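*Asks:* Below is the sequence, then the predicted model.
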Amino acid sequence: MVPFAGWDMPVQYDGVIPEHRAVRSDCGVFDVSHMGELEVEGMRAFDLLQSTLSNDVSRLEVGDAQYTLLTNERGGIVDDLIVYRTDQHRYLLIVNASNRDADYRWLKECEIRGSDVRDFSDDYALLAVQGPRSLERLGLPEAKPFTWAMGEVDGIEVMVNRTGYTGELGVELMCPAEDAPALWDAVVGRGAKPCGLGARDTLRLEVCYPLHGNDITPDTDAVSAGLGWTCALDTDFTGAGELRRIKAEGPQRRLIAFVMTEKAIPRQGMEIANGGVVTSGSHSPMLDIGIGMGYVPTAEADVGTELTIDVRGRARGARVVKKPIYNREER
Amino acid sequence: MPVDESYPDGLKYHPEHDWARIEDGEATLGITWFAQDALGELVHYEAPDEGSTISKDDSYGEVESVKAVSDLITPLSGEVLAVNAKVVDAPETVNDDPYGEGWLVRIRLSDPAEIESLLDANAYRALLESS
């Protein structure tokens, strides 16, 4: 167990590698109840979110979900999150645990008459059930990614979100906190392998999902991070002007994905000799090599560029690759 | 499959969780069951160069799991005669067989008197229990 954003979190149950492989081949379950749940409700809830979130909230029907960013005036990323439209005038935001308070304060400051922001994180638990057999094992119907519906697992009522952080088919199940132990037992009883933070990190890194605090921060902008697709630059959200300028001028640096071409495991904070720094690094259980992401000058960011990474004083070769690093369809 | 905890008699142990099997002025070195269990499945072995000299209590290389990096501390001084290429290729060999196939280096001892300072299996077990 390790402390994480004020929670005691398991790094692993059986081992990072077997847990990782279970999610790629079958089904795993992660207790992600540490994540924050904020609700924005009211006749002007849409206006508040459309002016603070980077993506176009007007595209959401009730039942839809969307990956989006909370941005600052400089176009920096306060948080990345998923917004769910839960009713005509009500939205659910599932946010990073470590940013829960900052997000809440940020939205409260932007609150307008007719929009009410609430933090009800402590009332709800969230289990991510991920893997190619996840829906089948849970007995849940197929559904489009980035949608949600109410459902039931062994008699426990849950909000079934077709979202996740692994690149696999899967759902995130939200339920009242008091139902969480029974839901966990039901999901594990249906054959999902318990997985910890360690596998969550290697799974998301293989598919190049950014981790807030590592790969994206309030000092990195969405365009440089390759998240321009989450920014509806024709809407007038906080920082949109700055992001339009960065996009027009072209970013100075880019968040790239790389694989090691020599035996070594890159880690966060290691310097890239071409200029830049590793923001996430680990061992890929699927590819059995070191992989990572990091910022490099735009001139060094093309796929195929050879990089040199300083691994505790040893210069080790790496190569820029297309995202995602691991792609099931190509194997 | 994880192997059962064991600390074979006949090996010498260093408090940093390394073992040495000493024969005819040479020693084979590795990490103990406790060390591999604490690290988890190994995915990288940064080995020393053959022919290099290593000094007692200093780092001679590193092993890494997905989440952690650990220095390898040599219990004895000497010249590296051989590196276990099997572990370089398949570091998880250490988890499968820490005292056998999972050995890390073989060295020629430069100061056999250093052996006196190492722990026997009982003393190492006592150290683990007290920590």
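*Replies:* Noted; the coordinates are in hand.

*Asks:* Could you pick out the residues of chain B near chain A for me?
*Replies:* B:40-41, B:43-44, B:46, B:62, B:64-67, B:69, B:88 (CB under 8 Å from any CB of the partner chain). All C-beta atoms are positioned from the backbone trio N, CA, C, and that covers glycine.

*Asks:* could you redo the last one with a cut-off of 10 Å?
*Replies:* B:2, B:40-47, B:62, B:64-69, B:71, B:88-92, B:95 (CB under 10 Å from any CB of the partner chain).

*Asks:* Let's see the pLDDT reported for the closest residue to chain B within the stretch 51-200 of chain A.
*Replies:* Proximity of the stretch 51-200 of chain A to chain B (CB to the nearest CB) peaks at residue A:198, 5.3 Å away. Per-residue pLDDT puts residue A:198 at 95.

*Asks:* which SS state does it fall under?
*Replies:* The three-state label for residue A:198, taken from DSSP: H, G, I helix; E, B strand; the rest coil, comes out as helix.

*Asks:* circling back: now intersect the residues of chain B next to chain A with the strands, please.
*Replies:* Where the residues of chain B next to chain A overlap with strands, as defined by DSSP state E, the overlap consists of B:42-46, B:62, B:64-65, B:69, B:71.

*Asks:* of those, closest to residue A:284?
*Replies:* Using CB to CB, residue B:43 is the member of those that lies nearest residue A:284, at 9.2 Å.

*Asks:* Give me the spatial nearest neighbour of that closest one, chain neighbours excluded.
*Replies:* With CB to CB, 6 or more residues apart in numbering or on different chains as the measure, residue A:283 is the residue that lies nearest to residue B:43, at 4.2 Å, once sequence neighbours are left out.

*Asks:* which SSE is that neighbour in?
*Replies:* Applying DSSP states H and E as the criterion places residue A:283 in strand A:277-284.

*Asks:* could you dump the helix or strand just after that strand to CSV, C-alpha only?
*Replies:* From strand A:277-284 onward toward the C-terminus, using DSSP H and E, the following helix or strand is strand A:289-297. Included here for strand A:289-297 are C-alpha records, laid out as CSV according to Å, rounded to 0.1, in the frame of the first residue of the first chain:
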residue,chain,number,x,y,z
ILE,A,289,11.0,-3.0,-23.5
GLY,A,290,11.4,0.3,-21.9
ILE,A,291,8.8,2.9,-23.0
GLY,A,292,7.9,6.5,-22.1
MET,A,293,6.7,9.9,-23.0
GLY,A,294,8.4,13.2,-22.8
TYR,A,295,8.6,16.7,-24.2
VAL,A,296,11.2,17.4,-26.9
PRO,A,297,11.8,20.4,-29.2
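
*Asks:* what does the model give residue 33 for pLDDT?
*Replies:* Using chain A. So, for residue A:33, pLDDT stands at 95.

*Asks:* let's do chain B instead
*Replies:* The predicted local confidence for residue B:33 comes out at a pLDDT of 97.

*Asks:* The closest residue to residue B:91 other than its chain neighbours - how many residues pack around it?
*Replies:* Nearest residue to residue B:91, sequence neighbours excluded (CB to CB, 6+ apart): residue B:42, at 3.8 Å. Neighbour count for residue B:42, taken as other CB atoms under 10 Å in any protein chain shown: 25.

*Asks:* Check the gap between residue B:42 and residue A:144 for me.
*Replies:* Counting by CB to CB, to the nearest Å, the separation of residue B:42 from residue A:144 is 41 Å.

*Asks:* Same check on residue B:115?
*Replies:* As it turns out, when the distance is counted by CB to CB, residue B:115 lies 67 Å from residue A:144.

*Asks:* the more surrounded of the two?
*Replies:* Between residue B:115 and residue A:144, residue B:115 has the larger neighbour count (other CB under 10 Å), namely 14 against 9.

*Asks:* which ones are touching the more buried one?
*Replies:* The neighbourhood of residue B:115, defined by CB atoms under 10 Å, 6 or more residues apart in numbering or on different chains, consists of B:12, B:20, B:22, B:27, B:75-76, B:109.

*Asks:* what ranges of chain B fall below the confidence cut-off?
*Replies:* For chain B, applying pLDDT under 70 flags the ranges B:1.

*Asks:* buried stuff in stretch A:73-90?
*Replies:* Counting neighbours by 16 or more other CB atoms under 10 Å in any protein chain shown, one finds that the buried residues in stretch A:73-90 are A:75-86, A:89.

*Asks:* Save those as TSV, and put in distance to chain B too.
*Replies:* Converted to TSV, these look like this (distance: CB to the nearest CB, whole Å):
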residue	distance to chain B
A:75	33
A:76	29
A:77	25
A:78	28
A:79	25
A:80	23
A:81	26
A:82	26
A:83	31
A:84	32
A:85	37
A:86	36
A:89	44
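
*Asks:* Quick one: neighbours of the nearest residue to residue A:301 once chain neighbours are set aside, just the number.
*Replies:* Beyond its immediate neighbours in the sequence, the residue positioned closest to residue A:301 (CB to CB, 6+ apart) is residue A:254, lying 4.1 Å away. Here the count is done by other CB under 10 Å, and residue A:254 has 21 residues near it.

*Asks:* Just name whatever secondary elements the lengthiest strand in chain A is in contact with.
*Replies:* Counting residues, the longest strand in chain A under DSSP E turns out to be strand A:77-87. Of the remaining helices and strands, those touching strand A:77-87 by 3 or more CB pairs under 10 Å, 6 or more residues apart in numbering or on different chains; DSSP states H and E are strand A:36-41, helix A:45-52, strand A:65-71, strand A:90-95, helix A:100-110, strand A:148-153, strand A:156-161.

*Asks:* hang on, the earlier thing: quick check: beta-bridge partners of the residue nearest to residue B:91?
*Replies:* The residues listed as beta-bridge partners of residue B:42 by DSSP bridges are residue B:65.
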